[in-house]
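Peer 1: what's the 3D shape of this:
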Amino acid sequence: EVQFVESGGGMVQPGGSLRLSCETSGFLFSGWDMCWVRVPPGNPGLVFEWVAGIKIGGNATHYADSVKGRFSISRDDAKKTVYLQMNSLNPEDTALYYCARGGLDGLQTMWPRGSWGQGTQVTVSS
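Peer 2: The predicted structure is shown next:
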């Protein structure tokens, strides 16, 4: 069974930092590009915003313009885990964050998950 377990979210003040983790199982992690996406508040359903993607092997990364220079995606193939370091957070980063397979450079290449689960909530507020 393919599984994704996101963690590391929380509530921070503007300018703060968080590091998200997504532990995976049930598929060959090292054989997939991986990405982070988010669902801002107020969405009636899962309307995703693509945040960042990392290539197989980790030697290429891509970011949405809104997070470029502030967020950093990384991966540990031995731990089957993808990370998202988020710095200089602002209220517009408030969202439910998920990881997924594919999505190196956008939602068009993201591999849909069978179940999106709870994700990890990030709230940026003073």
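Peer 1: tell me, what residue is most central in this structure?
Peer 2: The residue lying closest to the centre of the chain (C-alpha atoms, centre = their mean) is Trp36, at 2.3 Å.
Peer 1: list the contacts for the closest residue to it other than its chain neighbours?
Peer 2: Of all residues not flanking Trp36 in the chain, Val51 sits nearest, at 4.4 Å (C-beta to C-beta, 6 or more residues apart in numbering). Backbone N, C-alpha and C define where each C-beta goes, glycine included. By C-beta atoms under 8 Å, 6 or more residues apart in numbering, the contact set of Val51 is 35-38, 63-64, 67, 71, 84, 97.
Peer 1: And Met86, by the same measure?
Peer 2: 17-20, 67, 70-71, 93, 122.
Peer 1: From Gly31, how far off is it?
Peer 2: 26 Å (C-beta to C-beta, to the nearest Å).
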